[in-house]
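Q: Sequence plus predicted model, see below.
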Amino acid sequence: MSIDLSQFHQIFFEESFEGLDVMESQLLDLQPQEVDAESVNTIFRAAHSIKGGAGTFGFMQVSEFTHVVETLLDEIRSGTRSMQRNYIDLFLQSVDCLRAMLGSLQSGSEPDGERAATLKASFEKILQQSADSDSQVTEEKPTVADEGCSNGWRITFRPAEDILQTGNEPFRMFRELQELVGADNLTVIPLTDNLPEFTSLHPENCYLSWVLEVRSDVNRDDIAAVFEWVADDCDIDYQPLSVAAAPDIPTADTAVTEMAESAVSTDSTEPVSAVIPDKVSEALSASAAQQAKPAARTAGKSNEPSSIRVSIDKVDSLINMVGELVITQSMLGQLGQDFDMSRLARLQEGLTQLEQNTRELQESVMKIRMMPISFAFSRFPRLVRDLGGQLGKQVNLVMLGENTELDKTVMEKIGDPLVHLVRNSLDHGLETTEQRLAAGKPGEGTITLNAYHQGGNIVIEVKDDGAGLNEERILNKARQKGLVPETQELSSEEIHQLIFLPGFSTADVVSDISGRGVGMDVVRRNIAELNGSIEVKSKRGKGSTFIIRLPLTLAILDGQLVKVKDETYIFPLVSIVESIQLQKRSLNHVTGSQYVMKLRDEYIPIVRLDELFNLRASDDEFENPMLVVVEGDNEKVGIVVDDLLGQQQVVIKSLEQNYKRVTGISGATILGDGTVALIIDVSDVGKNLDKSAKGQSRSDQAA
Amino acid sequence: MASILAVDDSASMRQMVSFTLRGAGHDVQEACDGVQALEFAGQKKYDLVLSDVNMPNMNGIELVKELRQLADYKFVPVLMLTTESAGDVKAQGKQAGATGWIVKPFNPEQLLSTIKRVLG
Amino acid sequence: MTDNVIIDCGERLSIEQVEKLYASAEQALATAGDISLVAGQVQYCDSAGLQLVLALQKTLEKTGHRIYWQSVSDSVREISGYLGLTQALNLSEQD
């Protein structure tokens, strides 16, 4: 029987990564002075499972490395060694190392052995420092001097009285032995001298002993393996047959001996189904070969489709919804077969029910993709700890609303922007301990991550109790870079928003922490790509709060329907700043080929969708145009449409997948009446103006 | 063939064990910790229990102790799935009433040949 | 001299049944001369079960009685064989 173990690899990787996450979070919570036994146990258990699985599935490098990690953890767990801060660091590094190794293996490549070897050496050094550890690591397997082969063995087996009660059954051991050496080479002689009178017999105890004569040059260790589980409580004596060839059976009961010897002859004729020893060795060599090529089996696993774990509750509720939908459908179907106006009320009722079913189904389906934000938050304890150490700042991380759910894709994409914000808060937001103490604040800074639902959005806040934004410096910098005219006065809020401008960086010295070529503008763009928004609130000396608003899912959009000529388009509601009635004369305010319009103090470029999409003959003019002012990529753009229609949630269909990518369009949706409406990509429309419009709007501004 | 209760908190190990055993014709019920295993054991008498040692909620040692309290499980073979490094776990398991152990890592062939020691 | 008592071993001549069998054998021992065992239906037997029969036989022999096997299943023969008890249990004379 040969089983392809690679079929279990994917689940092994998944659970190992989960285990590593658990290890990491527990390690981060650990205080070396007061180690919580249950935490260490949890960490140990995770390492232990990874080691066991890795060994089973043939990832020897992983299991060997995890072994030293586990050994040290075990010593801490059992109390022979106390936890130290540098151990925690070492364990954390091991978590990283294992993550990388498993990641490589999962993608079918060789893991980096060097990093593991270095860490392993560190562990071994620690382990050697303690004498008690050595005795624990070494196996208690006795070294056998007379291990060599002989003509055979005479084994005297005196079981412990309670052997039968734990399910260890002598006949199975003898059967196994017989399979090992062959039926002809084994004689089983029972010793009944200890069997008591019937009246004093405890029938569940074992009073029998046996002498087993093995006439085969089998290794003693192989025989011992048969008695492995009982060797510690039973009396087992091995005599090489060449030495004790004479039938010197150690018993007083000669009658039994006689019986036993006569049993020898009959025994071999017993109807016994024995496995041919060849098969045993065949199976053994096969398993050895399988162990020898673990690397080969991991290949070709690089493109695992991403999967998502869904709780059975969610699936059940989905099935429930579909059930209701089917009922409604059949009800409507019946109604439709012989419909007359008298049944109108029933029809309307049915349609209401259908609408409700659909909405519930939609919500349930969306829930499947929802995951708690703790998946995105989980990396922060480690990050804050490491960075805080690097910067010499004491930081307390508070995470709230970790069970707030959001779409898996949104979660994956918000990770990097969040990391940037947290790094930024640590690096620039929080002061050094000395500065804090001088300002009368507690030495330990606090960074708070908070997530909650608000309307159809999820709000994520990154808050620090640091120095707050330095408005003066920001404004100076913005003026230096020509982002703000020298003369223009800005409110505090306006100054705060400047940090999101492209090419703006507040830190005078680009540090290793935040200055990785990514500015707040990129964060803002990433969030905009998710149809989200970011703003900052700050108070000098008190701290700053970055507030991110994201749609719960990327699959559904809150849309503003607009009409242009005979077509319906959709704007993401979140991108709309305002909508105004457009005076025809404002539209005539033209500079060159680009329309611009003065809206309050700002000049904004104007795009005519009818022109962009060639919907209107040149002589045809707007009747009563509306201007939708949208903001994408930090630029306001006014878009002219014929009319504003309603607002509704729309399900986004990919245009790329179903047709091809179209500039200015981010996707499509199907409206209630079955027609297709295109969704406007606001930042894309704005970008098209870049060359002409921006320059012109500036010069206009200056004028 | 035999009905077997396989207990392990690791899903991959559980799957490997049950896949192997089912392939050999056995009925397998999976449980993810001692508590769940005990629940299943209360509903049906299995011929064999295979249990991991390190598990949350109720570990394998505690599970054996609990099982041995049940009339149905007084003599049912229970094997611990343990690792080489955990020397005293074997003794603890035996003390608690386990029949024996299977040392991890093991491959499917080793698993099948080992359970023959307690079945049939 | 009393009657020959028949004890039915049922389907399992094994450890979880031995207490029960012990009780009925003890009763039989008090009244019986020879004891007949019905073991043709035994699907599973083990050391504890066979040990019980062996102890019963040893005690019977002291009073000049013995055990008769009315029927013996393959399982009983097979396991007795593994344990080397075929002769001691007088199983080899039956077919």
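A: Nice, I can see it.
Q: Need the phi and psi values for the residue lying closest to residue A:3 once chain neighbours are set aside.
A: Among residues not flanking residue A:3 along the chain, residue B:108 sits closest, at 4.3 Å (CB to CB, 6 or more residues apart in numbering or on different chains). Just so you know, the C-beta spots here come from the backbone N, C-alpha and C atoms, and that holds for glycine as well. Reported as degrees, to the nearest 10, the phi and psi values for residue B:108 are phi -50, psi -40.
Q: And for the one 5 residues further on?
A: Backbone geometry at residue B:113, expressed as degrees, to the nearest 10, gives phi -70, psi -30.
Q: when you scan the helix or strand hosting residue A:187, is anything in it near chain C?
A: In this structure, residue A:187 is located in strand A:186-191 according to DSSP states H and E. Yes. Contact of strand A:186-191 with chain C (CB under 8 Å from any CB of the partner chain) involves A:187-190.
Q: Between all of these, which two are at the greatest distance?
A: Using CB to CB, the pair of the residues of strand A:186-191 next to chain C lying farthest apart is A:187 and A:190, separated by 11.0 Å.
Q: Tell me the residue of chain B that sits nearest chain C?
A: For chain B and chain C, the shortest gap (CB to the nearest CB) falls at residue B:75, measuring 5.0 Å.
Q: count of residues packed around that residue?
A: For residue B:75, the number of neighbouring residues by other CB atoms under 10 Å in any protein chain shown comes to 21.
Q: Next: residue A:449.
A: Other residues near residue A:449 come to 23 when the count uses other CB under 10 Å.
Q: Is the residue nearest to it when sequence neighbours are not counted in a helix, a strand, or coil?
A: Nearest residue to residue A:449 in three dimensions, chain neighbours excluded: residue A:399, at 4.8 Å (CB to CB, 6+ apart). With DSSP: H, G, I helix; E, B strand; the rest coil as the basis, residue A:399 sits in strand.
Q: what's residue A:399 in contact with, if anything?
A: With contacts defined as CB atoms under 8 Å, 6 or more residues apart in numbering or on different chains, residue A:399 is in contact with A:374, A:377, A:380-381, A:448-450.
Q: now do residue A:174
A: By CB under 8 Å, 6+ apart, the residues touching residue A:174 are A:186, A:188, A:210, A:212, C:82-84.
Q: so can I have TSV of the residues you listed showing neighbour count?
A: TSV is the format used below for the contacts of residue A:174 (neighbours: other CB atoms under 10 Å in any protein chain shown):
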residue	neighbour count
A:186	24
A:188	24
A:210	21
A:212	25
C:82	25
C:83	27
C:84	28
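Q: farthest-separated two in those?
A: The largest separation in those, counting by CB to CB, is between A:186 and C:83 at 12.1 Å.
Q: So which residue is smack in the middle of chain B?
A: Geometric centre of chain B, nearest residue: residue B:50, 1.2 Å, by CA atoms, centre = their mean.
Q: you'd agree that residue is up against residue B:81?
A: Yes. Between residue B:50 and residue B:81 there is a contact at 6.1 Å, judged by CB atoms under 8 Å.
Q: which residues are contacting the helix or strand hosting residue B:94?
A: Remark: residue B:94 resides in helix B:87-96, with elements defined by DSSP H and E. Residues lying outside helix B:87-96 but in contact with it, judged by CB under 8 Å, 6+ apart, are A:136, A:139-140, A:166, A:229, A:232-233, B:53, B:60-62, B:64-65, B:68, B:80, B:82, B:100-101.
Q: Report the rounded mean pLDDT for that helix.
A: Taken as a whole, helix B:87-96 carries a mean pLDDT of 83.
Q: Just the buried residues of it, please?
A: B:87, B:89-90, B:92-94, B:96 (16 or more other CB atoms under 10 Å in any protein chain shown).
Q: where are the low-confidence patches of chain C?
A: When the per-residue scores of chain C are filtered using pLDDT under 70, the ranges that remain are C:1-3, C:32, C:93-95.
Q: now do 80
A: Within chain C, the segments meeting pLDDT under 80 span C:1-4, C:31-32, C:92-95.
Q: If anything else comes up later, I'll come back, but that's it for now.
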